[in-house]
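Peer 1: My questions are about this predicted structure, shown below with the sequence.
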Amino acid sequence: MQDKIMNAFAEQTKNMYAPMRKMNALMVENMEKMTEFQIEALKSYSKMGVNQLKNATEIKDADSVRDFTASQAELMSTLSKKVLEDAKSMADMTMEFKQEVEKIVEESRTTAAAAPAAEAKPAAKSNSRSSASA
């Protein structure tokens, strides 16, 4: 009898913490993905900046100033496109994370709703046995 109670308690505890384990794993995975994305974006932005600094050191005359100024405008256009693409990618990752969280919450809700129904069936059987023996 006591073993059954302990087993039932262990099973309930396992079921109760399963969604939290899934959520924690999802959060760690998402954090890794976001961090990696941000590091790569930072590398890209830094590379653009360093290249422009190198180009600035090569200015020697009026023609090279004109060329550098033209390359600055081109760089700003490229940079603004990259920032928009990166923002869209981050938004997509965020939406994917949100959908996964909602999925875990819905699974938890379904499991929690099914648990009382499963517990009610054995109780109904024990009640019918006691009334039959009476």
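Peer 2: Good, I have the coordinates.

Peer 1: Name the SS class of I59, please.
Peer 2: Of the three states, I59 takes coil according to DSSP: H, G, I helix; E, B strand; the rest coil.

Peer 1: quick one, phi/psi of it?
Peer 2: I59 adopts backbone torsions of phi -70, psi 120, taken as degrees, to the nearest 10.

Peer 1: for E58, same thing?
Peer 2: Note on E58: its backbone torsions stand at phi -90, psi 0 [degrees, to the nearest 10].

Peer 1: Look at it and say how many residues are nearby.
Peer 2: Using other Cβ atoms under 10 Å, E58 has 9 neighbouring residues. (Each C-beta comes from the backbone N, C-alpha and C, glycine too.)

Peer 1: And the pLDDT at it?
Peer 2: According to the per-residue confidence, E58 scores 90 in pLDDT.

Peer 1: Output the residue ranges of the helices in this protein, listed in chain order.
Peer 2: For the chain, the helices defined by DSSP state H cover 2-57, 62-133.

Peer 1: can you tell me which of those helices the model trusts least?
Peer 2: helix 62-133 (a mean of 81).

Peer 1: relative to helix 2-57, how tilted is that one?
Peer 2: Interaxial angle of helix 62-133 relative to helix 2-57 (axes from the mean of the first three to the mean of the last three Cα atoms, to 10 degrees): 170 degrees.

Peer 1: Quick one: list the elements packing against helix 62-133.
Peer 2: Here helix 62-133 touches helix 2-57, going by 3 or more Cβ pairs under 8 Å, 6 or more residues apart in numbering; DSSP states H and E.

Peer 1: Adding mean neighbour count, write the helices of the chain out as TSV.
Peer 2: TSV is the format used below for the helices of the chain (neighbours: other Cβ atoms under 10 Å):
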stretch	mean neighbour count
helix 2-57	12
helix 62-133	11
